[in-house]
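K.L.:
here is a sequence with its predicted model. Questions after.
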Amino acid sequence: MKTYIYSTAVETARALIKHIISLMEAEPQKIFHIAFSGGSTPSLMFDLWADEFKDATPWLRMRIYWVDERCVPAEDSESNYGTMRRLLLDKVHMPEEYIFPIDGNNRPDNEAKRYSSVVRCHASLWHGFPALDIVLLGAGEDGHTSSIFPGQEHLLSSFHPYEVSVNPYNGQKRIAMTGCLLFNAKQLIFFVTGRNKANVVQDILDSGDTGPAAYVAHHAWNVEVFMDELAKP
Ligand SMILES: O=C1O[C@H](COP(=O)(O)O)[C@@H](O)[C@H](O)[C@H]1O
């Protein structure tokens, strides 16, 4: 596991964007299949990306997926797709057919199946399962990642790329990337900022079994953690 620490959340987001662009520049012929996590942390990165890196990014070589989605319409402020669309995708020149949103309006079990097929159709296979090039993850204070919360660890060993999960705090249904894709990603990058995340970052760095985020960090192939000083344990 490689860790990168920056003075502020903005510096961390900026370094992460540059890192993703440099990974793409290192393989100039390659199409990159990239999944973005939900939650509030990536919003900072989306803003910065649109403001500072619009022209430096090879958008046409990106295929965009989501790690997880809340089962709400795209117009809802909780929609991960809606947030990225508003802050970044509407501001760059990216063909619509390269963007693969999870439809939060669909019946959750149907959508988990549909989106699993979308990813199976587009991503290349590795070890017999779809392999995304980059999966960007966040982590909750309680140790969840994707939308796999403590107590839902069975989703880590699912053979279905996406499954329905439930936010245990409010009962909201979500569509979550499972271990099937998390443990087969070519590169898995955690982006975590803020003092309230220091405990979960400690678990991610030290332990392999204290919650879904720590487990994923210790069992995936190629893991990097981008954090700011406040999140450093
Ligand atoms: O609910 C979620 O939480 C985590 C962390 O979210 P944040 O708001 O603290 O950034 C996120 O990684 C996950 O994708 C999301 O659904």
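P.N.:
Arrived safely. Residues are numbered from 1 along each chain as shown.

K.L.:
roughly how far does the closest residue to Ala231 other than its chain neighbours sit from Tyr169?
P.N.:
Spatial nearest neighbour of Ala231, excluding adjacent residues (C-beta to C-beta, 6 or more residues apart in numbering): Lys197 at 4.5 Å. C-betas here are computed from N, CA, C, even on glycine. For Lys197, the distance to Tyr169 equals 17 Å [C-beta to C-beta, to the nearest Å].

K.L.:
more crowded one of these two?
P.N.:
Lys197 (24 against 9; other C-beta atoms under 10 Å).

K.L.:
who's in contact with that one?
P.N.:
Ala139, Glu141, Met227, Leu230, Ala231 (C-beta atoms under 8 Å, 6 or more residues apart in numbering).

K.L.:
ok, now which ones touch the second one?
P.N.:
Shown here is Glu141, whose contacts under the criterion C-beta under 8 Å, 6+ apart are Asn196, Lys197, Asn199, Val200.

K.L.:
among those residues, which ones are in helices?
P.N.:
The helices, defined by DSSP state H, take in Asn199, Val200 from these.

K.L.:
so which bits of this protein are right by the ligand?
P.N.:
Ser37, Gly38, Gly39, Ser40, Thr41, Val67, Asp68, Gly138, Ala139, Gly140, Thr145, Ser147 (C-beta under 6 Å from any ligand atom).

K.L.:
5 Å instead, please
P.N.:
Ser37, Gly38, Gly39, Ser40, Thr41, Asp68, Gly138, Gly140, Ser147 (C-beta under 5 Å from any ligand atom).

K.L.:
contacting residues for the last one?
P.N.:
Spelled out, it's Ser147. By C-beta under 8 Å, 6+ apart, the contact set of Ser147 is Gly38, Asp68, Glu69, Arg70, Ser165, Asn167, Arg174, Ile175, Ala176.

K.L.:
the fourth one against Ala176, yeah?
P.N.:
No - with contact taken as C-beta atoms under 8 Å, Arg70 and Ala176 are classed as non-touching, separated by 10.4 Å.

K.L.:
the two: which has the busier surroundings?
P.N.:
Shown here are Arg70 and Ala176; by other C-beta under 10 Å, Ala176 has more neighbours (28 against 22).

K.L.:
shouldn't the more buried one be within a strand?
P.N.:
Yes - counting by DSSP: H, G, I helix; E, B strand; the rest coil, Ala176 is located in a strand.

K.L.:
which residue packs closest to it, ignoring adjacent ones?
P.N.:
Nearest one to Ala176, counting by C-beta to C-beta, 6+ apart, is Ser147 at 3.8 Å.

K.L.:
tell me the pLDDT at the one you found?
P.N.:
According to the prediction, Ser147 has pLDDT 97.

K.L.:
now Asp209
P.N.:
Model confidence at Asp209, given as pLDDT, is 83.

K.L.:
list the contacts for it?
P.N.:
Neighbours of Asp209 in contact, by C-beta under 8 Å, 6+ apart: Tyr215, His218.

K.L.:
for the chain, which segments are assigned as strands?
P.N.:
Counting by DSSP state E, the chain has strands at residues 2-6, 32-36, 62-66, 68-70, 124-126, 129-131, 134-137, 162-166, 173-177, 187-192, 223-228.

K.L.:
helices and strands of this protein: which one has the lowest mean pLDDT?
P.N.:
None of the helices or strands of the chain scores lower by mean pLDDT, DSSP states H and E than strand 124-126, at a mean of 93.
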